[in-house]
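*Asks:* Here's my sequence, what's the structure:
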Amino acid sequence: MRMSLLNVERARIGVRRLTALRSRTLVLVLVAATGAVLGGQRFLRLEVEGDSMRPTLLPGDRVLVVRTAHLRPGQLAAVRDPRDRRRVVVKRVAAGSAVSGWRVLGDNPAHSTDSRVFGAVAHDLVVGRVFYRYHPPERAGRPGPGR
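*Replies:* The predicted structure follows:
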């Protein structure tokens, strides 16, 4: 029996979707297992609020942050707001160092409160580096470079 080209293409699409689903599921399982093994001390989960990181991160996106103070320009960082240390914000590292402090900026400047408002962020206010978006599932993966 011969399959029509349409049926062959449908089968290929189904295999690609299944492979993508398996990959996302595996990543989530590995992240959960790693978090369980480490007692949640090394990773932090955050939910994005506001439009300051559009188009890279959207309101409702959920991200994983690895706790580290080692940052490089271009990376996404979770930092404590110097004006209210209970508040954690996600911004892109523009420049700086552990000695001089980190200059962080939102990808959407018109809607971002960042180093242009509160100055450089001190080393002790760095929570970590955003390395993975796990929700919503259709946007799961490493956040893009933004600008």
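*Asks:* and the lengthiest strand in the chain, what does it pack onto?
*Replies:* Ordering each strand of the chain by length in residues (DSSP state E) puts strand 84-97 first. Helices and strands touching strand 84-97, by 3 or more CB pairs under 8 Å, 6 or more residues apart in numbering; DSSP states H and E, are strand 76-81, strand 101-105. Placement of C-beta: from N, CA and C, glycine included.
*Asks:* okay, the angle between it and strand 101-105?
*Replies:* 100 degrees (axes from the mean of the first three to the mean of the last three CA atoms, to 10 degrees).
*Asks:* Distance from the chain centre to strand 84-97, please.
*Replies:* Put simply, strand 84-97 sits 13 Å off its chain's centre (CA atoms, centre = their mean, to the nearest Å).
*Asks:* All the helices of the protein, residue numbers only.
*Replies:* Secondary structure of the chain (DSSP state H): helices at 5-37, 115-118.
*Asks:* Kindly report which one of those carries the lowest mean pLDDT.
*Replies:* Among the helices of the chain, helix 5-37 carries the lowest mean pLDDT, a mean of 59.
*Asks:* picking up where we left off before, strand partners (parallel or antiparallel) of the longest strand of the chain?
*Replies:* Strands that pair with strand 84-97, judged by DSSP bridges, come out as strand 76-81 (antiparallel), strand 101-105 (antiparallel).
*Asks:* outside of it, which residues touch it?
*Replies:* Residues from elsewhere that reach strand 84-97 (CB atoms under 8 Å, 6 or more residues apart in numbering): 46, 48, 52-53, 56-57, 63, 71-81, 102-107, 112-115, 120-121, 125, 127, 130, 146-147.
*Asks:* Alpha carbons only: can I get that strand in CSV?
*Replies:* Backbone C-alpha positions of strand 84-97 (Å, rounded to 0.1, in the frame of the first residue of the first chain) are rendered in CSV as follows:
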residue,chain,number,x,y,z
ASP,A,84,12.9,47.0,48.3
ARG,A,85,15.0,43.9,49.0
ARG,A,86,11.9,41.7,49.3
ARG,A,87,11.3,42.2,45.6
VAL,A,88,13.2,40.2,43.0
VAL,A,89,13.4,41.5,39.5
VAL,A,90,14.7,39.9,36.3
LYS,A,91,16.8,42.1,34.1
ARG,A,92,19.6,41.7,31.5
VAL,A,93,23.2,42.4,32.6
ALA,A,94,24.5,45.4,30.7
ALA,A,95,27.9,45.8,32.4
GLY,A,96,29.7,45.7,35.7
SER,A,97,31.5,43.3,38.1
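*Asks:* Thank you kindly, that will do.
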